[in-house]
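# starting from these lines, generate the structure:
(chains A, B and C)
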Amino acid sequence: MALLDVSNLDVRFALRQGEVKALRDVSFTLDRGERLGIVGESGAGKSVAAFTLLNLIAKPGYIAGGSIRFDGQELTTMKPRQLQQIRGNKISMIFQDPMMTLNPVLTIGEQMVECLKAHRRIRTRAAREIALNKLRQVPIPSPEKRLDQYPHELSGGMRQRIIIAIALLLDPDIIVADEPTTALDVTIQAEIMSLLLELCEKHNVALVLITHDLGVVSQVTQRTLVMYAGRVIEQGPTREIINDAQHPYTQGLINALPQMATPGSRLNQIPGAMPTLSRIPSGCAFHPRCSFAFNDDGSPRRDCREVIPGFVRSGNCDVACHMVRDLVENNSDARDPVEFQEAP
Amino acid sequence: MTTSASAAPSRWARFRDSYLVYSFKRDLIAQVCLVTFLGMVLAAVLAPWLAPMNPYDLAQIDILASELPPFWIDGSDPTYVLGTDAQGRDLLSTILYGARVSLVIGFGAVILQAMLGVTFGLLAGYLGGRVDAFLMRLADIQLSFSTLMVAIIVGAVIKATFGGAIYSEYAVIILVLIIGLAEWPQYARTVRASVLAERSKEYVDAARVMGFRAKRIMFRHILPNTLSPIFVISTVQIANAIISEAALSFLGLGMPETQPSLGSLIKSGFDYLQSGSWWITLIPGAVLVVLVLVINLLGDWLRDVMNPRLYKG
Amino acid sequence: MIAFLIKRLFHALLVMFVISVVSFAIQDNLGDPIQQMVGQSVPESERAELREELGLNDPFLVQYLRFAENALHFDFGYSYFYNEPTTDVIMRHLPATLELVFATTLLIILLSVPIGVYSAIRPRSWLSRLFMGVSIVGISIPVFLTAIVLIQIFAIGIHVSLFPADTAWGAWLNGLLSTSGGMPAYGRGDVTHVFGTWDTNFASLNGLTYLVLPAISLASIMLPLFIRLIRAEMMEVLQSEYIKFAKAKGISMRRIYFLHALKNTMLPVITVGGVQIGTLVAYTILTETVFQWPGVGLMFLDAIQRSDIPLIVTYLMVVGLIFVITNTVVDLIYGLVNPTVKLTGKPA
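Numbering: from 1, shown residues only, chains lettered A, B, ... in the order given. From the prediction side, this is the model:
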């Protein structure tokens, strides 16, 4: 049985202008020690997905359907008190901006000790020992001193290390990291990322890494899930997705990577912009930006405006795309890249 | 081809379709408040025609009819719907005239505050440096001393300098001056803050590069963009000015009893509270509270609608 | 850091300087000590002599410096009306005002924090809406009117006969809405002598009952402001990332509300609060007038009516000093609570 089993998750926001569907029919699983990347442009619903995993969606957002099973327990219907025992304990989280994540008026020590005390019967002295130990693991110079410092006395990179230490405090089963390096200096990003990877491997912690950076995903994760406008459009082994993406959107993302462009030429952008969640196009949400949404004679493909019934299996990946479905159905060897590139 | 005139919606159409009007149509409290406020302003403006008698005209006053209760209490006289005060003046008439005085002073004081505050705020925000430091320090000191206190002191000094008789004669102008002078820092601070925010934007740089003079940049380019916070605080400031006037009148530093505002009506009635004639003080009091309350509620509503930070989710 | 302290101190001195200049200008222009000393009958030549002798013909600056020097010794001359040093008059009236302000501050702190926090945590509950509705009405009622209404209800009493008294429910409703009054609303009642000029209301039940209505009226203007301020700040803090992170850590909601959120909420509240507590002193003039509370506010108003210029000037200086002291103390407290302001130079 998978450690985490998310199925058919629907999250909505009840706004003044009406309901907005932030997540639609999201399903995936995560095994013990596995590292999963969730990729997409901003506004694709990645962060919502991250917060939903801990059932931390704040009003006006709410879980409208589906289930999140962690270790056999259903999180969507769990009582707040029980949920509190899982948060920070079994599943912990790393936030995007370390400058905003720590409470400015409490010392690092207070913020670490309270977390331990919330989940274990433990004395302050013993809790401080554990905290010190974790601070040494993320390595932070002179950790004893840090415990009595306030967040504003530390740099952003240092703070993110502390947040990682807090996430590891109770030896969780899963860490959900929501863009953990975006807010940091480029020079520190790689350092923090490799630290996170190293610690997850060492302690056999499963990682859900939310990012827009396919490069990071390819280095850190084993499996990848690509999101667009609140839906999962492609998921499978990271290597397969990076090397041979099926969905036109994923291909676009990969082609947009700077290292994919020929030097001196323009970067390969995906034309258009992600739709706002209140105005998602019908059918395949990507079709207005998709260069494959046309027939050979240039007329628009009708089926792209219709809802995709489900995923189509292509190799080890699940893809939600009419074009890929046609390829798979017409050709037993749809994964042939040559064949694929000639398709349009 | 559409002409540019038909492409750009008229001012009225833009106003009609704006978020302001949209949320007004959906907010019952705002509608009730606006109607009440306009009704009160109208009644005050039309006081000479609406009031059953002229409280300034001594010939109409019947001293024998003093301290008559309002119509729902035994012993009332149907001539005087809301009863009479200690001098035998019809309470309804004095309230209508009193509300007029209160509103005139309230609006006058706010106009003065706004002129002073906007000018100083623009200067401080745009010129910066020493001008800014001086004006803001001054504003700080004045605010830390509390506006009511400043108003009382200025009032006391004017009264001591010119004597009570002259003070009473020019009370309206003096009160507008006092309250205007006491409250300008509120505007100056708000305007300065929005000027600082606007000044860093590109269009101001562009205007400067194009060689516009400072005065033109301030009044034609920056000021329009600071209008919505000015508008929001203006509502609150009118309410405050009316309360300040009432407080000064209550302390004997405001309108004389011969030409009463709502505040001096409350003051003159207070002496008769112990003898049971509560209506002389409490009915004008209720009118004052309703007036200030509807303005405050409108101000609250405006702040909610105009502050984009509040309706993000 | 020391720099912070010095900056605050410098600001305080600057404010006192401005107040002293204003006070002196008032005294210089309005007060005629000769008139007060010798009366009308003395011929003009003698007056001029006396004027010269007292240094009243000296240049403005010289006179100001003399005023300032005396002010540093708390010497502001004699009150025209009381015929005794103005500082003595002030000291006699000050304890009553300070006790009133103290009781009011206590009331504000004890009520505004729980109500503000509650209505921030449960903004949609009917109780929060009620608090918000009452607080906007409270802001709209001038202090003196609140005082008058309280006197009518609790001191004089109201007799409601709106409902038919011959039916059981009518009589019951009439009785329910009527009050018998009886609360003291005039003066200070029985006070207990502590020392010097300080008599306290807090030592006896009788003294406390006299404090109730004035303190409630004085609180009525600030309490709604504080409730709204605390609510707004708290709601903003609750949106912040560190609150979400605390939730993600599995901390109990009680600890999140009352430690994580409240501590951050109180920072701006302390700053605004300090200024407002100073403002309370101004409002004591109104409250003391209505309740004939024998404090400096009432004394000041009487001094204005009597054109007792030295007393007015002394009052200004003393109240200015109180404002400056409260503001400085509040700044220090802010520095202590907010770790990003370092007071000592050592890491906190």
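# B:Cys114 contacts B:Tyr187, correct?
Heads up, residue B:114 is Ala, not Cys. Yes: B:Ala114 lies in contact with B:Tyr187 (Cβ atoms under 8 Å); the separation is 5.6 Å. Every residue, glycine included, has its C-beta placed from N, CA and C.
# ok, these two, which is more surrounded?
Set B:Ala114 next to B:Tyr187 and count neighbours by other Cβ atoms under 10 Å in any protein chain shown: B:Tyr187 wins out with 25 against 21.
# can you report how many residues lie near C:Gly320?
C:Gly320 has 23 nearby residues by other Cβ under 10 Å.
# can you confirm it is in a helix?
Yes: applying DSSP: H, G, I helix; E, B strand; the rest coil, one finds C:Gly320 inside a helix.
# what's near enough to touch it?
Counting by Cβ atoms under 8 Å, 6 or more residues apart in numbering or on different chains, C:Gly320 makes contact with B:Phe145, C:Val15, C:Met16, C:Ile19, C:Ser20, C:Ser23.
# 7 Å instead, please
Neighbour list for C:Gly320: C:Met16, C:Ile19 [criterion: Cβ atoms under 7 Å, 6 or more residues apart in numbering or on different chains].
# state the pLDDT value of the spatially most central residue of chain A.
Centroid check for chain A by Cα atoms, centre = their mean gives A:Ile210 as the closest residue, at 2.5 Å. With respect to pLDDT, A:Ile210 has a value of 93.
# repeat for B:Gln60
Reading off the model, B:Gln60 has pLDDT 69.
# same check, this time on B:Ser6
46.
# buried stuff in stretch A:13-32?
Residues of stretch A:13-32 classed as buried: A:Phe13, A:Val20, A:Lys21, A:Ala22, A:Leu23, A:Arg24, A:Asp25, A:Val26, A:Ser27, A:Phe28, A:Leu30 (neighbour count, 16 or more other Cβ atoms under 10 Å in any protein chain shown).
# what's the helix or strand for A:Val26?
Using DSSP states H and E, A:Val26 sits within strand A:18-30.
# partner strands of that strand and their direction?
strand A:4-15 (antiparallel) (DSSP bridges).
# contacts for stretch B:136-155?
With Cβ under 7 Å, 6+ apart, stretch B:136-155 has contacts from B:124, B:178-179, B:181-183, B:185, B:188-189, B:244, B:247-248, B:251, B:253, C:15, C:18, C:275, C:278-279, C:282-283, C:285, C:316, C:323, C:327.
# got the residues of chain A near chain B?
Residues of chain A lying close to chain B by Cβ under 7 Å from any Cβ of the partner chain are A:Leu15, A:Pro60.
# so where's chain A uncertain?
Counting by pLDDT under 70, chain A shows low-confidence ranges at A:331-344.
# going along the chain, name the strands of it.
Remark: strands assigned in chain A by DSSP state E are A:4-15, A:18-30, A:35-39, A:61-70, A:73-74, A:91-94, A:174-178, A:206-211, A:223-228, A:231-237, A:312-314, A:317-319.
# once you drop chain neighbours, what's closest to B:Leu251?
Among residues not flanking B:Leu251 along the chain, C:Leu301 sits closest, at 6.0 Å (Cβ to Cβ, 6 or more residues apart in numbering or on different chains).
# for that neighbour, give me its contacts.
Counted by Cβ under 7 Å, 6+ apart, C:Leu301 has contacts B:Leu251, C:Ile285, C:Thr289.
# so for it, what's the pLDDT?
Model confidence at C:Leu301 (pLDDT) stands at 89.
# how near is it to C:Ala185?
18 Å (Cβ to Cβ, to the nearest Å).
# ditto for C:Leu225
25 Å.
# neighbour count: these two, which is higher?
C:Ala185 (25 against 18).
# what about the nearest residue to the more buried one once chain neighbours are set aside, neighbour count?
Leaving aside its sequence neighbours, C:Ala185 sits nearest to C:Ala155 (Cβ to Cβ, 6+ apart; 3.7 Å). Residues near C:Ala155, counting by other Cβ under 10 Å, number 18.
# C:Ser178 reaches C:Ile156, doesn't it?
No: with contact defined as Cβ atoms under 7 Å, C:Ser178 does not count as touching C:Ile156 (11.6 Å).
# shared neighbours, these two?
By Cβ under 7 Å, 6+ apart, no residue touches both C:Ser178 and C:Ile156.
# which one's more surrounded, the two?
C:Ile156 (19 against 15).
# my read is that the more buried one contacts C:Thr179, right?
No: counting by Cβ under 7 Å, C:Ile156 stays clear of C:Thr179, with 8.8 Å between them.
# would you mind measuring from whatever residue of the stretch 151-300 of chain A ends up closest to chain C to A:Pro143?
At 4.9 Å from chain C, A:His152 is the closest residue in the stretch 151-300 of chain A, using Cβ to the nearest Cβ. Per Cβ to Cβ, A:His152 is found 18 Å from A:Pro143.
# between the two, who's got more neighbours?
A:Pro143 (20 against 14).
# so what's the gap between the longest helix anywhere in chain A and the chain middle?
In chain A, with assignment by DSSP state H, the single longest helix is helix A:186-203. Distance of helix A:186-203 from the chain centroid (Cα atoms, centre = their mean, to the nearest Å) equals 16 Å.
# same check, this time on stretch B:103-117
Using Cα atoms, centre = their mean, the offset of stretch B:103-117 from its chain centre is 7 Å.
# quick check: mean pLDDT of it?
92.
# can you pull the buried residues of it?
B:103-110, B:112-114, B:116-117.
# ok, those vs A:Pro300, which is closest?
B:Ala114 (57.8 Å; Cβ to Cβ).
# what number of residues lie near the closest residue to B:Tyr126 other than its chain neighbours?
Using Cβ to Cβ, 6+ apart and skipping residues adjacent in sequence, the residue nearest B:Tyr126 is B:Met218, 5.3 Å away. Using other Cβ under 10 Å, B:Met218 is surrounded by 23 other residues.
# again with the one 4 residues further on
Burial of B:Ile222 is recorded as 22 neighbouring residues (other Cβ under 10 Å).
# rewinding a little: report the angle between the strand holding A:Val26 and strand A:174-178.
140 degrees (axes from the mean of the first three to the mean of the last three Cα atoms, to 10 degrees).
# and the gap between the residue lying farthest from the centre of chain A and A:Cys284?
What lies farthest from the middle of chain A is A:Asp297; by Cα atoms, centre = their mean that is 38.6 Å. Separation of A:Asp297 from A:Cys284 (Cβ to Cβ): 20 Å.
# over to C:Thr340?
According to Cβ to Cβ, C:Thr340 and A:Cys284 sit 50 Å apart.
# quick one: which of those two has more around it?
Neighbour count, other Cβ under 10 Å: between C:Thr340 and A:Cys284, A:Cys284 has more, with 28 against 13.
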